[in-house]
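A.B. asks: here is the input, now give the coordinates:
(one chain, ligands or ions: 1)
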Amino acid sequence: MLLLILAGLILAVQPALAADAGPVCGVYGFDPKSAAFKGKTPERIAEALSSWGVNAVFGGYKDPLLRKALRGRGIRVFAELTAFAGERHWKTRPESRPVSEVGEPLAKVKWYAAVCPNQTWLRLDIKKRAVSLVRKQEVDGVWLDFIRYPGHWEVPEPHLEQTCFCPVCLREFRKETGVAVPEELTAREKARWILSDHKERWTAFKTASIAGLVSEVADAVHAADPAALVGYFAVPWERSEKRGAVLEILGQDHRLMGRAADVVSPMAYHALLRRPASWITDASMAVKADSGKPVWPIIFVGDAEHPLGPGELRAAADAAWQGGSGGLILFDLGKLAEAGRLGELPALFSACLD
Ligand SMILES: [Zn+2]
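C.D. replies: Residues are numbered from 1 along each chain as shown. You can find the predicted model right below:
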């Protein structure tokens, strides 16, 4: 009997249950101040979202009245939390700018300024922000974004380079593996020394560092609210693809990261990568198998440079549902609204309207 009671207690606080509670139809980039919702009361906003089949939003958590109205309609409120990106960090903490394999400060790629993932102050700050989102903004979950080593991966032919060889990373590498990089070498030579002689340990160090933060954030969030979910946005490359770049370059090992996360959201942006919609199914299934957790893929809805017609977007959504997904997230709501295409939502989210 005691065992049964204990089992019941464990199940009651197990967030994975909430992650499995029926299909999730989510929209990323929900902004109650945008033109689509301007002048509407919280109740009317919640009503509109619900009529489209939306039952999860990323954003809109700052207004308590809106949160209440959304929940009243069964819409869960999640927050995106950027981990290792942001040029503001380069300005306020220059030591956070990653060091490349040629010993130089890493260049910005378009809008993307990657940040070193081993800065202690930043890791603490990420955990603090995650807990604050759950405690103060009462969100139903936090999704870690840019939870990886540097890499502008979301293009057909990404430029991939090894990072980060900053003093903090080399110190942590030594602490975790016992491998001491010869001090007399230049920054460029240190990178070469590691990559030629200790590549496997370097990769293991990188993936453990990234997965370690997911685990720390999950522990902190679940301590603050056992029902809150912790998810992350996953780079949807298979382990062997691009010579193992998802592990070796980006440091994302979904097998390790999935242990701590409640849900994983593969960024199945087929339009950006110029892949067929059917690839979304394969990518979702691969991440699901690796992580062992429910997957809610996030798909790109198209833009001027990568247009997707209504039929193509529908095919992408169908492919996402076919991958054994527990949910679907659209990236993003703002783009669909600007294009006057909100009327397409019920067809994409029919799984949540039945
Ligand atoms: Zn570093």
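
A.B. asks: so which helix or strand takes in the nearest residue to His306 once chain neighbours are set aside?
C.D. replies: Ranked by C-beta to C-beta, 6 or more residues apart in numbering and with sequence neighbours excluded, the top spatial neighbour of His306 is Ala271, at 4.2 Å. Where C-beta positions appear, they are placed from N, C-alpha and C, glycine not excepted. Per DSSP states H and E, Ala271 falls inside helix 270-273.

A.B. asks: just checking, what packs against that helix?
C.D. replies: Using 3 or more C-beta pairs under 8 Å, 6 or more residues apart in numbering; DSSP states H and E as the contact test, the elements touching helix 270-273 are helix 278-291, strand 298-300, helix 310-322.

A.B. asks: name the residues of the last one that are buried.
C.D. replies: So that's helix 310-322. If you call a residue buried by 16 or more other C-beta atoms under 10 Å, then helix 310-322 has these buried ones: 313-321.

A.B. asks: got JSON lines for these, with pLDDT and distance to Thr207 too?
C.D. replies: JSON lines is the format used below for those (pLDDT from 0 to 100; distance: C-beta to C-beta, whole Å):
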{"residue": "Leu313", "pLDDT": "98", "distance to Thr207": "34"}
{"residue": "Arg314", "pLDDT": "98", "distance to Thr207": "36"}
{"residue": "Ala315", "pLDDT": "98", "distance to Thr207": "33"}
{"residue": "Ala316", "pLDDT": "98", "distance to Thr207": "29"}
{"residue": "Ala317", "pLDDT": "98", "distance to Thr207": "31"}
{"residue": "Asp318", "pLDDT": "97", "distance to Thr207": "33"}
{"residue": "Ala319", "pLDDT": "98", "distance to Thr207": "28"}
{"residue": "Ala320", "pLDDT": "97", "distance to Thr207": "26"}
{"residue": "Trp321", "pLDDT": "96", "distance to Thr207": "30"}
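
A.B. asks: of those, which is the nearest to the ion?
C.D. replies: Closest to the ion out of the buried residues of helix 310-322 is Ala320 (34.5 Å), distances taken as C-beta to the ion.

A.B. asks: helices and strands around the strand or helix carrying Pro266, which ones?
C.D. replies: Per DSSP H and E: Pro266 is located in strand 263-266. Taking 3+ C-beta pairs under 8 Å, 6+ apart as contact, the helices and strands that strand 263-266 lies on are strand 229-234, helix 254-260, helix 278-291.
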